[in-house]
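after the sequence you'll find the predicted model.
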Amino acid sequence: MPPAQTRPYLERFFDGELDRLGGCIRCRGAQAWHGALRMAFQPIVDVGERSVFAYEALVRGPEGEPAGAVLATVADHQLYAFDQTCRVLAIATAQRLGLTTRLSINFLPNAVYEPATCIRLTLAAAHKVGFDPQRLVFEMTEAEKIRDPQHALSIVRDYQSRGFLTAIDDFGAGYSGLNLLAEFQPQLVKLDMALVRDIDRHRARQAIVGGVLGACAALGVRVIAEGVETRAEYDQLRAMGVTLFQGYLVARPALEALPQPDWRALD
């Protein structure tokens, strides 16, 4: 795949319909994203039901470069176009691969100008390829500090009102914290891998995660343990009541493929 395309991906995907679908003047005035992207997918499993709860779409470069390397090339004025490109590409790729469960997509809250308007391309992409939008899960990423918490809250509420599941990603690291949970109250919280790592041997992490699990249970929020790599970590978290897992122990991300969980590793 070439490192860039002459026409941005969104223009090629919507084939002349982008202006009609874009709607938001400020968004349409943002600089187009010309870089080439691909999507990898990693399953999130429900061990209680022994099923795949969702597949998370993970952005990659044209040669499979990791998300961090890709994000480092995105300037502030390209955030909207990049965010929209990732959403549309994730949906189109997932449908092409035959995904039948939920699709979890990361979004940058600072890149969304007006929720009802900026969701149009996402819905249009789902309609174009025949993907049921009710199977979408939106993960609010905390790669950067939220500039306007009330605006971020309006995004989550708008998405929830449309029937989408919402999640706080990387909870317990960076800018994610209990105050964010108190304000946003999504359906899902993803424990950051820094809290998960070696939790079977780390009493402080056990205490912190136990507190998070208690708070989430009281709020009706389900918890996903991400970045689980060892059976010992899995056993500890399972004993603490976690039923949703994501990580190398379950399955590694696969570029443009839907990897199957290794259930034997969890038996």
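Yep, it's here.

which parts of this structure are helices?
Counting by DSSP state H, the chain has helices at residues 9-14, 18-22, 25-28, 67-71, 79-96, 115-118, 120-129, 149-161, 178-184, 193-196, 203-219, 231-239.

turn those into a markdown table, including mean pLDDT, distance to residue 169 and mean neighbour count.
Any C-beta I mention is one placed from the backbone N, CA and C, and that applies to glycine too. Listed next are those as a markdown table, based on pLDDT from 0 to 100; distance: least, C-beta to C-beta, whole Å; neighbours: other C-beta atoms under 10 Å:
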| stretch | mean pLDDT | distance to residue 169 | mean neighbour count |
| --- | --- | --- | --- |
| helix 9-14 | 87 | 23 | 18 |
| helix 18-22 | 71 | 26 | 15 |
| helix 25-28 | 48 | 23 | 14 |
| helix 67-71 | 91 | 12 | 14 |
| helix 79-96 | 93 | 14 | 22 |
| helix 115-118 | 77 | 18 | 17 |
| helix 120-129 | 93 | 17 | 19 |
| helix 149-161 | 85 | 13 | 16 |
| helix 178-184 | 78 | 11 | 15 |
| helix 193-196 | 94 | 11 | 20 |
| helix 203-219 | 95 | 14 | 14 |
| helix 231-239 | 98 | 17 | 18 |
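
closest to residue 254 out of those?
When these are compared by C-beta to C-beta, helix 79-96 sits nearest residue 254, at 11.5 Å.

now the closest one against helix 120-129, angle please.
20 degrees (axes from the mean of the first three to the mean of the last three C-alpha atoms, to 10 degrees).

same list (the helices of the chain) but as TSV, adding distance to residue 57.
Shown next, in TSV, are the helices of the chain (distance: least, C-beta to C-beta, whole Å):
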stretch	distance to residue 57
helix 9-14	14
helix 18-22	20
helix 25-28	21
helix 67-71	11
helix 79-96	4
helix 115-118	18
helix 120-129	12
helix 149-161	16
helix 178-184	21
helix 193-196	18
helix 203-219	24
helix 231-239	23
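
hang on, isn't residue 66 packed against residue 72?
No. Under the criterion of C-beta atoms under 8 Å, residue 66 is not in contact with residue 72, lying 10.0 Å apart.

what about the two, which has more around it?
Comparing residue 66 with residue 72 by other C-beta atoms under 10 Å, the one with more neighbours is residue 66, at 13 against 8.

roughly how far does that one sit from residue 41?
Look at residue 66 and residue 41: by C-beta to C-beta, to the nearest Å, they are 14 Å apart.

ditto for residue 62
17 Å.

the helices of the chain: which one's closest to residue 54?
Of all these, helix 79-96 comes closest under C-beta to C-beta, at 10.4 Å.

quick check, distance from the closest one to the centre of its chain.
11 Å (C-alpha atoms, centre = their mean, to the nearest Å).

likewise for stretch 224-242?
Distance of stretch 224-242 from the chain centroid (C-alpha atoms, centre = their mean) equals 20 Å.

so who does residue 149 touch?
By C-beta atoms under 8 Å, 6 or more residues apart in numbering, the contact set of residue 149 is residue 183.

quick check: pLDDT value at the residue nearest the centre of the chain.
Of all residues in the chain, the one closest to the mean position by C-alpha atoms, centre = their mean is residue 106, 3.0 Å from it. On pLDDT, residue 106 comes in at 91.

quickly note the distance from it to residue 115.
From residue 106 to residue 115 the distance is 16 Å (C-beta to C-beta).

same thing with residue 20?
Residue 20 sits 19 Å away from residue 115, going by C-beta to C-beta.

likewise for residue 124?
15 Å.

other residues contacting stretch 252-267?
Contacts to stretch 252-267, defined as C-beta under 8 Å, 6+ apart, come from residues 38-43, 45, 47, 50, 52, 55, 58, 60, 64, 93-94, 97-99, 231, 234, 245, 249-251.

endpoint to endpoint, it covers what distance?
End-to-end span of stretch 252-267 (C-alpha to C-alpha, to the nearest Å): 18 Å.

that stretch: which residues count as buried?
253-254, 258-259, 261, 266 (16 or more other C-beta atoms under 10 Å).

comparing residue 62 and residue 41, which residue is more hemmed in?
Between residue 62 and residue 41, counted using other C-beta under 10 Å, residue 41 has the larger neighbour count: 24 against 15.
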